[in-house]
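Enquirer: The sequence and its predicted three-dimensional model are supplied below.
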Amino acid sequence: MANQNKSDRIVPVGITQMTCAEDPAVNRKKQAALIEQAAKKGAKIICTQEMFASQYFCQVEDHRFFKLAETIPGPSTDLFCKISKKYGCTIIASLFEKRAAGLYHNTAAIIDQGQVLGIYRKMHIPDDPLYYEKFYFTPGDTGFKAWDTKYAKIGTLICWDQWYPEAARLTALQGAEILFYPTAIGWHPHEKELYGTAQHESWEIIQRSHAVANGCYVCSPNRIGIEKIRDEMGGYVNDAGIQFWGQSFMTEPSGQIIYRASIDKEEVIVNPLDLEKVEFARTHWPFLRDRRIDSYGDLTKRFIET
């Protein structure tokens, strides 16, 4: 990457947000079409929302939904490798991975120029009302990673990872110029009026802070729509469901929002990211230089007793 000229350092980046149906084949076809739209708009790196191939089934603990998982390679990566090769682009695909019998992960596959370059498995797994992910996902064992793609050095984390400054920092310390956060987050409809604004602002602020603290771009694609999960009898396990708040966004290394999508519309967002701004941010706000790495050992403790 060091020998590229300035024009090569301006990279069109795409993110998508969409609704999800119960049928994985329908979702996969829709996501592929949105990726192709982004590629036709010139995007060279494109990221999906979290687990685009299904509804957000983690609203309930139900063994039926393990059938939604796929292998890597598998149907989604096979399809996206063809698109990546056709358009010469990089695709970050967020998947429910079946690794082995009884072993499942929430995984991002990084596909570059038609090949699976690597995977990242979600490290932080939530367990909150309607977000019962610990039932389904084994915590990731890949560690935090960055990849040299044709167009930029990128890192990806997944949804709940976005609340942890340590995850962003360890990825940025490997040289990542863009952090991607495939996401599935929304409101409990009965809480929206009281807490909705604060919840959304907190979600956006923490990720914008990662951009500032690490001098890098942050791109966060989120899903949209109200999703209600059916039980085996055809009724809903929760009448309210989750209202996913969309508002996928991209932010500069300065933390300024480049683009924020709508709450409820499917969108293909493509913007040129000038990677020279990463070098500018990291030299003019030299947080990486001034870190006191000799004093941070206690970060590996669960709690510091006083």
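Expert: Structure's in. What do you need?
Enquirer: and stretch 219-229, which residues are buried?
Expert: Cys219, Ser220, Pro221, Asn222, Arg223, Ile224, Gly225, Glu227, Ile229 (16 or more other CB atoms under 10 Å). From N, CA and C alone the C-beta is placed, and that goes for glycine too.
Enquirer: Stretch 165-184 now?
Expert: 167-172, 175-184.
Enquirer: Quick one: the helices in the protein, in order.
Expert: Counting by DSSP state H, the segments of the chain that form helices are 24-40, 75-87, 165-172, 192-214, 276-284.
Enquirer: the strands in the stretch 151-300 of the chain, which residues?
Expert: Taking DSSP state E, counting those that start in this stretch as the criterion, the stretch 151-300 of the chain contains strands spanning 153-156, 178-180, 186-187, 217-220, 224-227, 242-245, 249-251, 257-260, 267-274.
Enquirer: Mind picking the lowest-pLDDT entry from the buried residues of stretch 219-229?
Expert: Across these, the smallest pLDDT goes to Ile229, namely 94.
Enquirer: pretty sure Gln162 contacts Trp203?
Expert: Yes: assessed by CB atoms under 8 Å, Gln162 is found in contact with Trp203 at 7.5 Å.
Enquirer: Quick check: beta-bridge partners of the closest residue to Ala43 other than its chain neighbours?
Expert: The shortest distance from Ala43 to any residue other than its chain neighbours is 3.2 Å, reached at Gly14 (CB to CB, 6 or more residues apart in numbering). In this structure, Gly14 bridges to Ile46, Val270 when assessed by DSSP bridges.
Enquirer: residue contacts, Gly14?
Expert: Ile35, Ala38, Ala39, Lys41, Ala43, Ile45, Ile46, Cys47, Val268, Ile269, Val270 (CB atoms under 8 Å, 6 or more residues apart in numbering).
Enquirer: still on that earlier bit, among the helices of the chain, which is the most enclosed?
Expert: helix 165-172 (a mean of 20; mean count of other CB atoms under 10 Å).
Enquirer: Remind me what it packs against, helices and strands.
Expert: strand 178-180, helix 192-214 (3 or more CB pairs under 8 Å, 6 or more residues apart in numbering; DSSP states H and E).
Enquirer: who wins for proximity to Trp147 among these?
Expert: strand 178-180 (10.6 Å; CB to CB).
Enquirer: Neighbouring strands - and their directions - for the closest one?
Expert: By DSSP bridges, strand 178-180 pairs with strand 153-156 (parallel), strand 217-220 (parallel).
Enquirer: For the first one, give me every contacting residue.
Expert: Residues external to strand 153-156 that are found in contact with it (CB under 8 Å, 6+ apart): 1, 45, 47, 90, 92, 108, 110, 120, 144-147, 171-172, 174-182.
Enquirer: okay, the residue nearest the centre of the chain: pLDDT?
Expert: Among the residues of the chain, the one closest to the centroid is Pro182, at 1.6 Å (CA atoms, centre = their mean). Pro182 is assigned 98 on the pLDDT scale.
Enquirer: Start the count at 29 instead of 1 going forward.
Expert: In the new count, where the first residue is 29, that last one comes out as Pro210.
Enquirer: List the contacts of it.
Expert: By CB under 8 Å, 6+ apart, the neighbours of Pro210 are Cys75, Thr76, Gln77, Glu78, Met79, Ile120, Ser122, Ala136, Thr184, Ile186, Cys187, Pro249.
Enquirer: Which residue is the nearest non-sequential neighbour of it?
Expert: Ser122 is the one closest to Pro210 (CB to CB, 6+ apart), at 3.7 Å.
Enquirer: Number of residues surrounding the one you found?
Expert: Close neighbours of Ser122, defined as other CB atoms under 10 Å, add up to 29.
Enquirer: ok, Ile63 - contacts?
Expert: Gly42, Thr44, Ile74, Thr76, Phe108, Ile111, Ile119.
Enquirer: go again using 7 Å as the cut-off
Expert: Thr44, Ile74, Phe108, Ile111, Ile119 (CB atoms under 7 Å, 6 or more residues apart in numbering).
Enquirer: Go ahead and confirm Glu161 touches Lys150.
Expert: No: counting by CB atoms under 7 Å, Glu161 does not reach Lys150; the two are 8.2 Å apart.
Enquirer: Just send the contacts of Ile63 back as JSON lines, with distance to Asp51 too.
Expert: Converted to JSON lines, the contacts of Ile63 look like this (distance: CB to CB, whole Å):
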{"residue": "Thr44", "distance to Asp51": "18"}
{"residue": "Ile74", "distance to Asp51": "23"}
{"residue": "Phe108", "distance to Asp51": "18"}
{"residue": "Ile111", "distance to Asp51": "20"}
{"residue": "Ile119", "distance to Asp51": "22"}
